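S.K.: Make a model of this:
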Amino acid sequence: MIITISRELGAGGSEVARQVAEALGWRVVDNELVDQIAARTGLSPAEVREREERAPGFLERLIRMLTKAAPEMLTPAAEHVPELEEAHLVQMTQTVVEEIAREGRVVLVGRAAPAVLSRDRDAIHLKIVAPKAWRVEAVMARLGIGPDEAAAEVESSDANRKRYHEQYYERDWNDASYYHLVLNTAALGIPHTVATIVGRAKTLWPHETRERRVPPPAP
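M.R.: All right, here's what the predicted structure looks like:
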C-alpha cells in the first residue's frame, strides 16, 4: 500500500503528505528519498535535485535514439557519453522508489512515482494543485522573496517537472488522467484535502490504517 503525491510548487503538497501519513500511521518519504539517492550515487542532495530537473541535451537525446534504433551502430566510446550518467540517476531513482513501495504503508512525495509505479495495484496516485496566483503568494511567504521572483520560481518548477516526466517516462505531468485524484488545496483547504485522501485510503485498505480520528475540517 502506497500513496504517491505529485505536487505543484506552492500548493502545499509536502504538508498534505505529512498530515496524511500522520493520520494513517504511515511513513512519509519526501526529502529522505533524495538523501537515499544521493548516498547511492555519491552526489549531494542538491546535485540530485538539479540533475533530475535538467533535460538531456541534444547529443544525449541523439545517442538515446540511436541506441533504441540500431544499437550495433554505436562505437564503444559512444556508449559512455554523459547521458549515461543521467540515465543512471533516473534508474537509481526508480530503484529506490520501487524499494520504498515494497515496504508498504508509505506516503511518497514526488520523483515521478506515478510513472514508476504505474502497474502497482496497491498504489493510489494523487496530484496537489492550486491556482498560480495562490502558489506565488505561498512561495513569497516561504522564501521571503518578491512576486516576480516567486512567479519565476513557480514557472521554472512547473516546466522542469513537466519536462522530466516527458523526457524519461513519456508522460504528461499535467494530464489529470495520469492520477487517481487531483485536489486543489486553494479550493478545498489543507484539512479537507487531507481528510479526502485519508478517507479514500481507509476505504481501500481498512486493515492497513490505524484507527485515528482525523479532526473535521473547519466549516
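
S.K.: Okay, now stretch 124-138: how far is its last residue from its first?
M.R.: The first residue of stretch 124-138 is 26 Å away from its last residue (CA to CA, to the nearest Å).

S.K.: What residues sit buried inside that stretch?
M.R.: Ile124, His125, Leu126, Lys127, Ile128, Val129, Ala130, Trp134, Arg135, Val136, Glu137, Ala138 (16 or more other CB atoms under 10 Å). For glycine as for every other residue, the C-beta is placed from the backbone atoms N, C-alpha and C.

S.K.: Name the residues that touch stretch 105-122?
M.R.: 1-7, 13-14, 17, 20-21, 24-30, 33, 52, 93-94, 97-98, 100-101, 104, 123, 125, 164-165, 168-169, 171, 178-179, 208 (CB atoms under 8 Å, 6 or more residues apart in numbering).

S.K.: circling back to that earlier point, what about the buried residues of stretch 124-138, which are in helices?
M.R.: Among the buried residues of stretch 124-138, the members found in helices (DSSP state H) are Trp134, Arg135, Val136, Glu137, Ala138.

S.K.: so where do the helices sit in this structure?
M.R.: Using DSSP H, helices in the chain cover 13-24, 31-41, 45-53, 58-69, 83-103, 113-116, 132-143, 147-169, 185-204.

S.K.: ranking the ones you listed by burial, who's on top?
M.R.: Each of these was scored by mean neighbour count; the highest is helix 113-116, a mean of 23, by mean count of other CB atoms under 10 Å.

S.K.: now the ones in helices among the buried residues of stretch 124-138 as TSV including pLDDT and distance to Leu89?
M.R.: Output for these, formatted as TSV (pLDDT from 0 to 100; distance: CB to CB, whole Å):
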residue	pLDDT	distance to Leu89
Trp134	97	32
Arg135	98	27
Val136	98	30
Glu137	97	33
Ala138	96	29
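
S.K.: May I have the phi/psi pair for the residue nearest to the spatial centre of the chain?
M.R.: Central residue of the chain (CA atoms, centre = their mean): Gly110, 1.4 Å from the mean position. The phi/psi pair for Gly110 (degrees, to the nearest 10) reads phi 70, psi -160.

S.K.: Spatially nearest residue to Glu15 (excluding sequence neighbours)?
M.R.: Closest residue to Glu15 apart from its sequence neighbours, by CB to CB, 6 or more residues apart in numbering: Ile190 at 6.2 Å.

S.K.: For stretch 156-170, the averaged confidence score.
M.R.: Mean pLDDT, computed over stretch 156-170, is 90.

S.K.: from here on, count from 540
M.R.: OK, 540 is where the count begins now, so the last one is stretch 695-709.

S.K.: just to revisit the earlier point, looking at the ones in helices among the buried residues of stretch 663-677, spot the one nearest Ala690.
M.R.: Val675 (5.1 Å; CB to CB).

S.K.: quick one: contacts for the closest one?
M.R.: Val675 sits in contact with Gly549, Pro686, Ala689, Ala690, Val693, where contact means CB under 8 Å, 6+ apart.

S.K.: If you rank every helix and strand of the chain by mean pLDDT, what lands last?
M.R.: helix 597-608 (a mean of 45; mean pLDDT, DSSP states H and E).

S.K.: For the chain, give me the ranges with low pLDDT.
M.R.: Applying pLDDT under 70 to the chain picks out residues 591-624, 748-758.

S.K.: redo that, cut-off 90
M.R.: 540, 569-633, 635, 650, 658-661, 702-703, 706-708, 743-758 (pLDDT under 90).
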